[in-house]
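Visitor: structure for the following, please:
(chains A and B)
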2 protein chains.
Amino acid sequence: MKESLDFIYKEQKELSHFGGIAALLGWDQMTYMPSKGSPARAEQISLISRLVHERVTSETFYQHLKGLYDEQNNLSEKDRIVVRKLFHDVEKARKIPSAFVEKMAKTTSIAYAVWQEAREKNTFTLFKPHLENIIELEKQYCEYVKLPGHPYNSLLDDYEEGMTVDVLRKEFAVLRKHLVEILQKITASIVYEKQHPVQMTFDAVQQKQLCDILLTRLNLPLDRARLDVSTHPFTTSLGDDDVRFTTNYQREGFLSSFFSTMHEAGHALYELGILKGEYKDTVISNAPSLGIHESQSRFWENMIARSKPFWMYFTPVFQRIAPDVCKDMNLESWYRSVNQVRPSLIRVEADELTYCLHVILRFELELDLLDEQITVAELPGHWNQKITDFLEVTPKTDRDGVLQDMHWSAGEFGYFPTYAIGTIYASQLFRQFSEDHPTAQDEITQGDFRTISQWLSKHVYQYGSLMTADDIIKKTCGEGLNSKVFITYLKEKYNLLYDV
Amino acid sequence: MKESLDFIYKEQKELSHFGGIAALLGWDQMTYMPSKGSPARAEQISLISRLVHERVTSETFYQHLKGLYDEQNNLSEKDRIVVRKLFHDVEKARKIPSAFVEKMAKTTSIAYAVWQEAREKNTFTLFKPHLENIIELEKQYCEYVKLPGHPYNSLLDDYEEGMTVDVLRKEFAVLRKHLVEILQKITASIVYEKQHPVQMTFDAVQQKQLCDILLTRLNLPLDRARLDVSTHPFTTSLGDDDVRFTTNYQREGFLSSFFSTMHEAGHALYELGILKGEYKDTVISNAPSLGIHESQSRFWENMIARSKPFWMYFTPVFQRIAPDVCKDMNLESWYRSVNQVRPSLIRVEADELTYCLHVILRFELELDLLDEQITVAELPGHWNQKITDFLEVTPKTDRDGVLQDMHWSAGEFGYFPTYAIGTIYASQLFRQFSEDHPTAQDEITQGDFRTISQWLSKHVYQYGSLMTADDIIKKTCGEGLNSKVFITYLKEKYNLLYDV
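Guide: Model prediction:
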């Protein structure tokens, strides 16, 4: 037993190093790599992936682990927790043949390149055969994993362990209905009618200064993390004390870099603060789901950075950094500017209210494709119909429609829902936090976010994967995923903003 | 045989990917990694090193390779070349036990940290026991490798295949004698007496602009390479089309960033241009020695960037970028400024003339330590005596003396000589180039370096490791390492400059 424990801990440690190496390969690719470095990088990434897959699915590893799993009652609590989680992960990984993993990797690698070209040329038909291949592989994958219920559960489970189509259909139906209702009220309002797009433009230097101030206020430790620039902002963890996140100072959208920095900082703070100690370099020192991870970014981006107390602190900061740009701004106009509702075609530019509709649309289409309710050829039409139904906007081109996201080209079916799950979780966490700390708003007006950080650390970070996402939310908020909490939050906020 | 060939080519390919991954881990550590990322990074680097060592020394690999080696007459020319070189490398690697490799890694990892502290605190005694350990390991290493002749040959061979103590002692004795003589003449001259240290200071933005212009003139392809900033400039290759090199805009020394960019660009151009084609991802697509690599950086840094034709082009460029700083400068004053001789304590700040004396000093001390002619305790005294003999300057502190370089703490005995070998090779290549292209100077005055690049490509890059360094120099220059060529070059240049 001792030998098996030594083996599985050593293996987890090396897997965690491989994870850090893979994260660096990915981070560099998105930030600094010269363009022609791509082919070699793809090979390097694939080499590490293969080594990791070989190790995770190796017979020796499995035998050690299975032995421990069968004897779990004789293990210490810590070992039992680690063994259970690890056994669950390994059993799942072993269901997938290596040949399939390679086939998926090759298919998506080609599909991603074609998707980029198709998007650029605005020609969905280029991408169509590749997407068809990928969907066939996704179905095959569901066959291998074969979780109970809807086949899509097997995809969801990779990103949101234990989440099911049944739960999401129910939650998203409620959410969708209310979001459309709230939106219709807003777009019919006088405030909306009089609203103009925000026209302020900050240069890259000002944006950078503002982001730096934000990170200082957040106490984000710059000896353990760093902010760089990439086309699409992201966060990745290269080690317990080495977290990288990115922003983009050239992106469309009002204050995009500021809000994406806040969003990614939320992810980064979670990675930096997540349970370590005796669980360092084990599967327990990871986020239990992408939904929980996204709840951390959305919490900071929406609940905090789009709140009035936040802008009580930041209105004068912006005034100081960019006096010319901000000369006509006050607290009220800032608060309205960062919370403007404006139905649009592009998910990543969507406002807080409409964002989840973009996600639900993708979830519904993924299910329809998997259930063979629609064909890939029909996909653009269905996309355009749905976005019109949801948001009353219609893409003129597939580039602004079905071709806008890279996820499908990467084979990431089942990923999109986590964006909405995280947003809902964030509202649930925020409600609980506000109950626990009714005066925290005053601290935020001083640019002091320590109480929030401490609360998130205690109620989210410190659990690591000791529990599932669902259990963490239940323990912290008294109930599991509940979109009604998010709807209430939105109504309270936006009814006031739009006087409806 | 087919199976064995497939195996060894696949293995070399993966080793080359591992090499790229290791290079990225190192590059990031020196450029962007947050300070607290060190411990995880050390583990990641050590994991990759171990995997590489396991593969290179694996029995399966060896058996395939040995089979091919024994049947080499039945191989195609290309396969024979690859098998021979690879067999040589693998046989050498297999002489070193894994336990020793790990012990060396651990010892130097600790020693490096202690060296940093010792240097900071200016306390050699802190570093002393660690250096003693390292020297014992170096001796042990020589025992394992056991090349003919002096034990130090086994160390040299890692960096400069086939080079021996006998050859270096002979060449360095001549070089040392002449360098000291030339230097004594210069320091006794009237020109030297009247010479003042260059006082121009360029801000970081100007330095960066100048480096960018330089890279443009060199046609350095920025879709295949990039320049970043690190404490100590270096070049590393992450893939055939992904070379990273660095500079530093805050460093001491006149125009340090400009000359180090030129130096590293020389390395980078070599990496980018080195033989690939059918030899891609094989041992043949590597530099045959560090001396050859250094010859490429020194060629550009010294023979080109410290030449008059070069400054005919760059004098007006500097004038344009930094008119205030350069207002009193003309071609003659530029040429003199970048070629000022000034004996100093620090190797990396040394001028072209005195540089090799710093290297010879280290070579002599390494031999004395290995031969037990001196003890580590006596090392600082011997250092100070030698540098006084060579350069008539005496360190006031060990920080400016024996503690200045990191090489010994990293266990890199046998490395220093390659700096001088490269410098001598550079002068030999330059003499040959000047004979082949007597009018190339005119092109340089126009900022046109294409003829040089083409010549280096044809006479150095395109050989990869098809030949040893020695054979390349013999083939290209008609003779092997010959310090007299360098001495002649120096005399012609500096006698004029100092009117001696």
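Visitor: where does the stretch 1-150 of chain A have low pLDDT?
Guide: Across the stretch 1-150 of chain A, not a single residue meets the criterion (pLDDT under 70).
Visitor: contact residues of it facing chain B?
Guide: Residues of the stretch 1-150 of chain A lying close to chain B by CB under 8 Å from any CB of the partner chain are A:14, A:17-18, A:20-21, A:24-25, A:28, A:32-37, A:39-41, A:43-44, A:47-48, A:51. C-beta: built from backbone N, CA, C; applies to glycine.
Visitor: same check, this time on chain A
Guide: Within chain A, the positions near chain B by CB under 8 Å from any CB are A:14, A:17-18, A:20-21, A:24-25, A:28, A:32-37, A:39-41, A:43-44, A:47-48, A:51, A:221-226, A:228, A:238-242.
Visitor: which of those residues fall in strands?
Guide: Within these, membership in strands is found for A:225-226, A:228, A:238-239, A:242, as judged by DSSP state E.
Visitor: nearest residue to residue A:422 other than its sequence neighbours?
Guide: Residue nearest to residue A:422 in three dimensions, not counting chain neighbours: residue A:294, with 2.4 Å by CB to CB, 6 or more residues apart in numbering or on different chains.
Visitor: from residue A:262, how far off is that neighbour?
Guide: Taking CB to CB, to the nearest Å as the criterion, residue A:294 is separated from residue A:262 by 14 Å.
Visitor: more crowded one of these two?
Guide: When neighbours are counted by other CB atoms under 10 Å in any protein chain shown, residue A:294 and residue A:262 differ, and residue A:294 comes out ahead with 27 against 24.
Visitor: contacts only, for the more buried one.
Guide: With contact set as CB atoms under 8 Å, 6 or more residues apart in numbering or on different chains, residue A:294 has these partners: A:418-419, A:421-423, A:425-426.
Visitor: pLDDT for those residues - can I get that in a markdown table?
Guide: Rendered in a markdown table, the data for the contacts of residue A:294 read as follows (pLDDT from 0 to 100):
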| residue | pLDDT |
| --- | --- |
| A:418 | 98 |
| A:419 | 98 |
| A:421 | 98 |
| A:422 | 98 |
| A:423 | 98 |
| A:425 | 98 |
| A:426 | 98 |
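Visitor: out of those, the closest to chain B would be?
Guide: Closest approach to chain B among those (CB to the nearest CB): residue A:422, at 25.8 Å.
Visitor: I'd like the next helix or strand past the helix or strand where that closest one lies.
Guide: Applying DSSP states H and E as the criterion places residue A:422 in helix A:417-436. The first helix or strand that comes after helix A:417-436 along the chain, using DSSP H and E, is helix A:440-445.
Visitor: other SSEs contacting that following helix?
Guide: Packed against helix A:440-445 by the contact rule (3 or more CB pairs under 8 Å, 6 or more residues apart in numbering or on different chains; DSSP states H and E) you find helix A:308-321, helix A:450-459.
Visitor: contacts for the longest one, please.
Guide: Among residues not part of helix A:308-321, those counted as contacts by CB under 8 Å, 6+ apart are A:206, A:209-210, A:213, A:217, A:304, A:325-327, A:329-331, A:334-335, A:338, A:441-442, A:444-447.
Visitor: what are the boundaries of the strands in the stretch 201-350 of chain A?
Guide: Listed in chain order, the strands of the stretch 201-350 of chain A (DSSP state E, counting those that start in this stretch) span A:225-229, A:235-239, A:242-247.
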